[in-house]
Structure formats: structure tokens, C-alpha cells
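**Q** build me a model from this:
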Amino acid sequence: MKKLILLPLTLLAFIGCANSSDDSPTGEVLQGTESVVDEASAEERNIVDENMALIRDYAAQFSINVDWSKIPVVVSKTHLQRESSSCVRDANGVGTKIVLNKKFFSTRVYDKESGYASPLYNLLIHEIGHCYMNRNHEEALLKKAGYRAQFVIDGKSGRQVVSYPSIQVSMMQNAYFQMPKVLMPYYVGEIFGAYRAKSLEDLQQRYEFDIVRATNFVEEE
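**A** Numbers count the residues shown, from 1 in each chain. Below is the predicted model:
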């Protein structure tokens, strides 16, 4: 069975990173890298490493040269409260470590059959933007009046056709985007400054999806 699902502009929840200031890329950050130790379980470490490996592979496709040793990622159950993630900076404001909240590691983080990127993948790209690329939050969208971006999603629930009224230009929005897997390379290229789409048509030249006239209902067949 194939379904057509219309998704809202903003999905599910805020990312909730601690870098909440739009005036400075440093935002609200943790100070003192020595005090933030890794408290990841073996399962949490494996899923972090898997997603960072994907990011490295996609960066290589864009010929992006990164010293990955300067982007360590740790999991903490003590340094973050409600925030999903943050950045540790030294006295000069240089990012030294990404910190993930242990509470973020819910079942959906580990779901590899959903047809979408893991929420952890989104969060890691977002924090790389803050911590190492000195990026601020932004709200830029790719959209076309009267049209939607339509993706085929193959997941454990079968094949679905999912329709978005707009697509985030960057992972630097402070909101969760249910990312079709086909766009996973794009957001890595964008965060490192290798490629930033100017329109839906521009994005479509590189990644497979359709731009269709908007409808106001959900079809099922």
C-alpha cells in the first residue's frame, strides 16, 4: 500500500540545543572541557560513531577536508538539563567538544528502518554548525508558492509518498526536520559550506524528489 502524507512546516519538536542565542554562534555554552567526560553506554557510543561515520563519508563526497579529531562527541547525564545538546568552548571561545544529553537517546534514535535519517544525525550536524563552523540559528526555507516537495520513503511501514510544504535550507534551524534519507548528504555539504541550495529546483538537480502542485488532503490507495 502506498500513502501520500502531507507534513507540516515544522515537525515534532525543537532540537533544543543550548546554543539558543541568535546574536552569537557561541550562545549558551559549557565552559571547561576537562569537566565534561563521556558517559556514553556502549550502545550510545555505537550509534554516535555510526552517524559520525556517515557524516565523514558524505563530507568526503564533497571533498571536504576536516580534522575529525577536533570534533569529539561525548554523552553526558549531568551537564545538560532540558537541552538535547551543547558545545564546550575554551577560554577563547573555540569549540572543543560536542555534548549530547543522555536523555536524547530514545527509541527513535536507534530506529534504522523508518526511512528517515536518525534524529541524532540531524543533531550532530546542527552542533557541528555551532561548535566548529561558528554558525548561528537560521530560518531559511526552500519553497515554491502553490507547490510541495514530494519524496518516496521506504521504511518498515512500507512505501510512503511524503509531501513537504518547504524544506529547510540548513540544519541550523532550531527545530526538528524529519529528514528523508536522500537528503542526508546535502546537509553535510551545506554545513561545511560546500553547497547550499538556492531553490527547490536547484536541490532537485542533485537529489531525487518531485515538485508537485499542493493539495489539501491526504490520499491513500
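**Q** using the three-state scheme, assign the residue positioned nearest the centre of the chain.
**A** By Cα atoms, centre = their mean, the mean C-alpha position of the chain lies nearest to residue 122, the distance being 1.7 Å. The local conformation at residue 122, judged by DSSP: H, G, I helix; E, B strand; the rest coil, is helix.
**Q** residues in contact with it?
**A** 15, 171, 176, 177, 179, 187 (Cβ atoms under 8 Å, 6 or more residues apart in numbering). Yep, even glycine has a C-beta here, placed from its N, CA and C like the rest.
**Q** spatially nearest residue to the fifth one, not counting backbone neighbours?
**A** It refers to residue 179. The spatial neighbour of residue 179 that comes closest, neighbours along the chain excluded (Cβ to Cβ, 6 or more residues apart in numbering), is residue 117 at 4.1 Å.
**Q** quick one: which of the contacts of residue 122 is nearest residue 107?
**A** Set against residue 107, the nearest of those by Cβ to Cβ is residue 176 (15.3 Å).
**Q** what about that closest one, neighbour count?
**A** Per other Cβ atoms under 10 Å, the neighbour tally for residue 176 reads 18.
**Q** wait, a strand at it?
**A** No - counting by three-state DSSP, residue 176 is not found in a strand; it is coil.
**Q** need the phi and psi values for it.
**A** phi -80, psi 130 (degrees, to the nearest 10).
**Q** which other helices and strands contact the strand ranked longest in the chain?
**A** Criterion DSSP state E: the longest strand present in the chain is strand 147-155. In terms of contacts (3 or more Cβ pairs under 8 Å, 6 or more residues apart in numbering; DSSP states H and E), strand 147-155 is packed against strand 158-164, strand 210-213.
**Q** that one pairs with which strands?
**A** Partners of strand 147-155 in the sheet, by DSSP bridges, are strand 158-164 (antiparallel), strand 210-213 (antiparallel).
**Q** out of the ones you listed, nearest to residue 37?
**A** strand 158-164 (39.4 Å).
**Q** paired strands for whatever helix or strand comes next after the closest one, with orientation please.
**A** Going down the chain from strand 158-164, the next helix or strand is strand 167-168, by DSSP states H and E. In the sheet, strand 167-168 lines up against strand 141-142 (antiparallel) (DSSP bridges).
**Q** contact partners of the strand it pairs with?
**A** 9, 149, 166, 167, 168, 169, 197, 199, 200, 203.
**Q** most tightly packed of the strands paired with strand 147-155?
**A** Stretch with highest mean neighbour count among the strands paired with strand 147-155: strand 158-164 (a mean of 17; mean count of other Cβ atoms under 10 Å).
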